[in-house]
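Colleague: Here is my input, please return the structure:
(2 chains)
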Amino acid sequence: MGKSSDTRYIFSAGDLYQKDFSIAFRKEDGNFYIPIKDTRELYCFNDITLSTKLLQLLAKAGIVVHFFGYYENYIGTFYPKEQLLSGRLTVAQALAYEQNRLQIAGQIIKGIAKNTYFVLYHYYRHGKSELKDFLDWLRKDVSRLVDSVGNIKQLLRIEGEIWARFYQSFRVFLPESFAMNKRVKRPPDNPINALISFGNTLLYTKTITQIFHTHLNQTISFLHEPAERRFSLSLDLSEVFKPVLVCKTIFDCVNNRKIMVEKHFDKKLNYALLNELGRKVFIEAFEERLNQTFEHQTLRRRCSYKQAIRLDGYKLIKHILEGKNFVPFCMEDKK
Amino acid sequence: MLTGTVVNYYTHCQRQCWLFYHKINLEDNSEDVRVGKIMHELKKQDKDEIALEGIKLDKLTAEYVVEIKKSDADLAAARAQLEFYLVVLHDKGVNRKGRLECLEKNKQSKSVHTLILTEEDIRDCKTQYQQIEEFLKQELPPPPIRKPTCKKCAYFEYCFI
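Modeller: Numbering: from 1, shown residues only, chains lettered A, B, ... in the order given. Here you go, the predicted model:
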């Protein structure tokens, strides 16, 4: 907290190695040093060569490294040998999955609905009255629907509907070049899908890092099937932040013409992928949003959105360990 | 098994004590602490800490067990920790006086405090250690009690979220 950012992004190709107690980066046009101090996270977006000696340093310093491939595809994370382990919590987390999965997952869906409402209400207030039906549905129906379901499949259907209707609503307030016809993943097929995919992946990796700094087990999830693939708890905890962190960043970049189809997307690939410049612009805007602070209403202290992700981890621990109701981050309540 | 830190925390804050004992040891957000830890890790080999059965002594001399603290913020807790070391050593037939050295004195008039335990003190301590062991067996940590010192604690966010 207080620090603007503890994340370093590497966009060029080069070698990463240890020099004294620093991370050194050797690339074509010279050497750069990344101090261990104030670094908690590294993102590698290019061909990087690194040594196990460096990995040792990173592990000791508890620095998490995320790797991406040529197509902005997420390759994986170097996850330092876990320092925070609590057998008691792991057992309790598994028990919570057995006994309380539906309730926790339901809270996540309600959280998505609330934050989606918050984001769209802004546009409604500024004259986009077409959004009314969807807003009413989010406000009045979702919570009731969630409380009436008997299994995860039905919950996932509600979630699917929220996202589908949310994406549909984009054409009300985004320029036509960013219209969303249909959400397509892996690989995305147009600029808006590319932005959502890239943003969601960044948020997912950010959440992995935040969970790493708690005792939670990354594979025991509640909404998503545990370990269906990857670290599924991170998929769970990142959901409610998507509208407020990823989508708000996209709307800001697109509507303020910080990101434009011609300039920031790869023409060769039918504009379905950000180019290097576009990636930098988006990441900068995303980082800025993550590090923005607000007055946390429960803690009564300033807190960044990135910190809020960690706090959702703490809330989950508290639910698992002490039975306190788990209510994920809500943009309106600022807690 | 009890450790010096657990005894210290029990005096300082029972909730912190329970959480710490059950390995819910939350991270300190302070960058200084983190840098210190990394340096400590990297330079472990040239340290001459004396460690046995839950006690890690900062210094052991012919006369004293020395415990060094950054500040005298919670002297009672530091004292309890040092007492614990003295009791453990006493049981091994090693009798020493305790010496508490605070690098900063903010609340007390002196920075060095000496501790001499009588047989009776040792008996009292042992009774208390039994209570702590019982306390740690509880299923749940005690609810948080907000004190001015909570603000700086690594557990603050977890406790009050």
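
Colleague: alpha carbons only for contacts and neighbour counts from here, please
Modeller: Noted.

Colleague: Show me what the helix or strand where residue A:317 lies is packed against.
Modeller: Using DSSP states H and E, residue A:317 maps to helix A:305-322. Here helix A:305-322 touches helix A:87-125, helix A:191-212, helix A:232-238, helix A:276-291, helix B:156-160, going by 3 or more Cα pairs under 8 Å, 6 or more residues apart in numbering or on different chains; DSSP states H and E.

Colleague: Let me know which of these is the nearest to residue A:28.
Modeller: Closest to residue A:28 of those is helix A:276-291 (Cα to Cα; 17.2 Å).

Colleague: counting contacts, what elements does the next helix or strand after that closest one pack onto?
Modeller: Counting by DSSP H and E, the next helix or strand C-terminal to helix A:276-291 is strand A:293-296. Here strand A:293-296 touches strand A:301-304, going by 3+ Cα pairs under 8 Å, 6+ apart.

Colleague: what's the neighbour count on residue A:280?
Modeller: Residues lying near residue A:280 (other Cα atoms under 10 Å in any protein chain shown) number 15.

Colleague: now residue A:74
Modeller: Neighbours around residue A:74, by other Cα under 10 Å: 17.

Colleague: Show me what from chain A comes close to chain B.
Modeller: Counting by Cα under 8 Å from any Cα of the partner chain, the positions of chain A adjacent to chain B are A:1, A:37-38, A:60-61, A:84-86, A:88, A:213-215, A:298-299, A:311, A:314-315, A:318, A:321-322.

Colleague: just to revisit the earlier point, now do the helix holding residue A:317 and helix A:276-291, the angle between them.
Modeller: Relative orientation of helix A:305-322 with respect to helix A:276-291: 50 degrees, computed using axes from the mean of the first three to the mean of the last three Cα atoms, to 10 degrees.

Colleague: Got the phi and psi for the residue in chain B that chain A sits nearest to?
Modeller: At 5.2 Å from chain A, residue B:23 is the closest residue in chain B, using Cα to the nearest Cα. The phi/psi pair for residue B:23 (degrees, to the nearest 10) reads phi 60, psi 20.

Colleague: Give the burial count for it, as a bare number.
Modeller: 16.

Colleague: Then residue A:113?
Modeller: Using other Cα under 10 Å, residue A:113 is surrounded by 26 other residues.

Colleague: thinking again about what came up before, just the buried ones among the residues of chain A next to chain B, please.
Modeller: A:38, A:60-61, A:85-86, A:213-215, A:299, A:311, A:314-315, A:318, A:321-322 (16 or more other Cα atoms under 10 Å in any protein chain shown).

Colleague: Lowest-confidence one in those?
Modeller: pLDDT across those is lowest for residue A:85, at 77.

Colleague: Shouldn't that one be within a strand?
Modeller: No - membership of residue A:85 in a strand is not supported by DSSP: H, G, I helix; E, B strand; the rest coil, which gives coil.

Colleague: what angle separates the helix holding residue A:317 from helix A:191-212?
Modeller: Using the same axes, to 10 degrees: helix A:305-322 against helix A:191-212 is 50 degrees.

Colleague: On the secondary structure side, give me the element for the residue lying closest to residue B:4 once chain neighbours are set aside.
Modeller: Leaving aside its chain neighbours, residue B:4 sits nearest to residue B:81 (4.9 Å; criterion: Cα to Cα, 6 or more residues apart in numbering or on different chains). Here residue B:81 sits within helix B:75-91, counting by DSSP H and E.

Colleague: And that helix, what does it pack against?
Modeller: Other helices and strands packing on helix B:75-91, by 3+ Cα pairs under 8 Å, 6+ apart, are helix B:4-12, strand B:64-71, strand B:97-104, helix B:119-136.

Colleague: Go through the ones you listed and pick out the most buried.
Modeller: Mean neighbour count (mean count of other Cα atoms under 10 Å in any protein chain shown) peaks for helix B:4-12 among the helices and strands packed on helix B:75-91, with a mean of 21.

Colleague: if we can go back for a sec, any idea of the pLDDT on the residue nearest to residue B:4?
Modeller: pLDDT at residue B:81 comes out at 94.

Colleague: Next, the contact list for the residue in chain A that chain B sits nearest to, please.
Modeller: Across chain A, no residue is closer to chain B than residue A:86, which sits at 5.2 Å (Cα to the nearest Cα). Under the criterion of Cα atoms under 8 Å, 6 or more residues apart in numbering or on different chains, the contact partners of residue A:86 comprise A:215, B:22-24.

Colleague: quick one: which two of those are the most distant?
Modeller: Using Cα to Cα, the contacts of residue A:86 span at most 11.3 Å, a distance reached by A:215 and B:22.

Colleague: number of nearby residues for residue A:160?
Modeller: 13.

Colleague: my guess is it is in a strand, correct?
Modeller: No - applying three-state DSSP, one finds residue A:160 to be helix, outside a strand.

Colleague: Just checking, which helix or strand of chain B averages the lowest pLDDT?
Modeller: helix B:31-42 (a mean of 64; mean pLDDT, DSSP states H and E).

Colleague: For whichever helix or strand comes after it, which helices and strands make contact with it?
Modeller: Counting by DSSP H and E, the next helix or strand C-terminal to helix B:31-42 is strand B:50-52. Here strand B:50-52 touches strand B:55-57, going by 3+ Cα pairs under 8 Å, 6+ apart.

Colleague: neighbouring strands for the strand it packs on, and are they parallel or not?
Modeller: Note on strand B:55-57: by DSSP bridges, its sheet partners are strand B:50-52 (antiparallel).

Colleague: What mean pLDDT does the partner strand get?
Modeller: Averaging pLDDT along strand B:50-52 yields 75.

Colleague: neighbouring contacts of it?
Modeller: Contact with strand B:50-52 is made by B:56-60, as judged by Cα under 8 Å, 6+ apart.

Colleague: Pull out the buried residues from those residues.
Modeller: Here, 16+ other Cα under 10 Å leaves residue B:57 buried among the contacts of strand B:50-52.

Colleague: Redo the contacts of strand B:50-52 as CSV? Include pLDDT.
Modeller: CSV is the format used below for the contacts of strand B:50-52 (pLDDT from 0 to 100):
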residue, pLDDT
B:56, 79
B:57, 81
B:58, 77
B:59, 79
B:60, 82
